[in-house]
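# Okay, here's the prediction I keep looking at, along with the sequence it came from:
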Amino acid sequence: MASNRHLGRVVALQALYEYDFRKRANDIPDINDLLERHLGRYKNTIEDQEFVENLIRGVINKLELLDSKIQPLALEWPLEQISRIDHAILRLAMYELFEMQKAIFLQKLPLMKQWNLPKALVLKILVSLLTAYLVLLGAKRTQKLLILGLRALKKLKKTKMKLRKQQHETSAAV
C-alpha cells in the first residue's frame, strides 16, 4: 500500500466535481455517501485516506469562502462560466494553499495535464495564487518557490508546444 497523494488528489477532484455537478442540479449529495463511494474504491491503494477526506470535506465546507477568493483572480470570467473541472481544481488549490498552507502550485499541474484542460485561465489563476502565497512566506522561501514555479511553467510550455505539434501533424496527415 503506497501513500499516493497524487492519486488522492485525483479522487478528491472527482468527488468535488460530482458534488458541484449535483449541487448545480439541486441534488446535493450526502458528504458521507460521497466519501464512501469515492474513497471506497481506493481503500487498498491510497494509504493516507484521511488526507483525501480532509481535502473533500474542507473544500465542500468552505465553498463560498474559496469562491470569494478565486473570483477576484478571474475578473474576465464569472465563476459560473469556468468549467466545473477547472473550478474544482481551483477550489482544491485555494483550499490547500490557504487552509492547509501547502505550496500547491506544482501539484496541480499534473491534474491539469491528466484532465487535458485548456490551461490558460487556470494557470493564470494558479500563478496569482502562487504570488499571493509567496508574499505570505516572505523573502527567504520566495526565491526557491519562484524558481520552482518558473520551472513548472517552462515544462507546461514544452508540453503545450508538443501538443500543438501533434495536432499539426495529425491535421496534416488527414
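Ah, there it is. Numbering: from 1, shown residues only.

# lowest-pLDDT helix or strand in the protein?
Here the helix or strand of the chain ranked lowest by mean pLDDT, DSSP states H and E is helix 105-114, holding a mean of 54.

# From the rest of the structure, what touches the helix or strand hosting N32?
Element membership for N32 (DSSP states H and E) is helix 31-40. With contact meaning CB atoms under 8 Å, 6 or more residues apart in numbering, helix 31-40 is reached by 11-12, 14-15, 18-19, 46, 49, 52-53, 56-57, 60. For glycine as for every other residue, the C-beta is placed from the backbone atoms N, C-alpha and C.

# Closest one to E99 out of those, please.
E99 has its nearest neighbour among the contacts of helix 31-40 in R57, at 10.9 Å by CB to CB.

# Could you tell me which residues make contact with that closest one?
I31, L35.

# Name the next helix or strand following the helix holding N32 along the chain.
helix 49-61.

# and the angle from that next one to helix 31-40?
Relative orientation of helix 49-61 versus helix 31-40 (axes from the mean of the first three to the mean of the last three CA atoms, to 10 degrees): 140 degrees.

# mean confidence score for helix 49-61?
The pLDDT scores in helix 49-61 average 92.

# how big is the angle separating the helix or strand following it from helix 49-61?
With elements assigned by DSSP H and E, the helix or strand that comes after helix 49-61 is helix 63-70. Counting by the same axes, to 10 degrees, helix 63-70 lies at 80 degrees to helix 49-61.

# Show me what the helix or strand just after helix 63-70 is packed up against.
Using DSSP H and E, the next helix or strand after helix 63-70 towards the C-terminus is helix 84-94. With contacts defined as 3 or more CB pairs under 8 Å, 6 or more residues apart in numbering; DSSP states H and E, helix 84-94 has these neighbours: helix 5-24, helix 49-61, helix 63-70, helix 105-114, helix 119-137.

# Alright, calling it a day.
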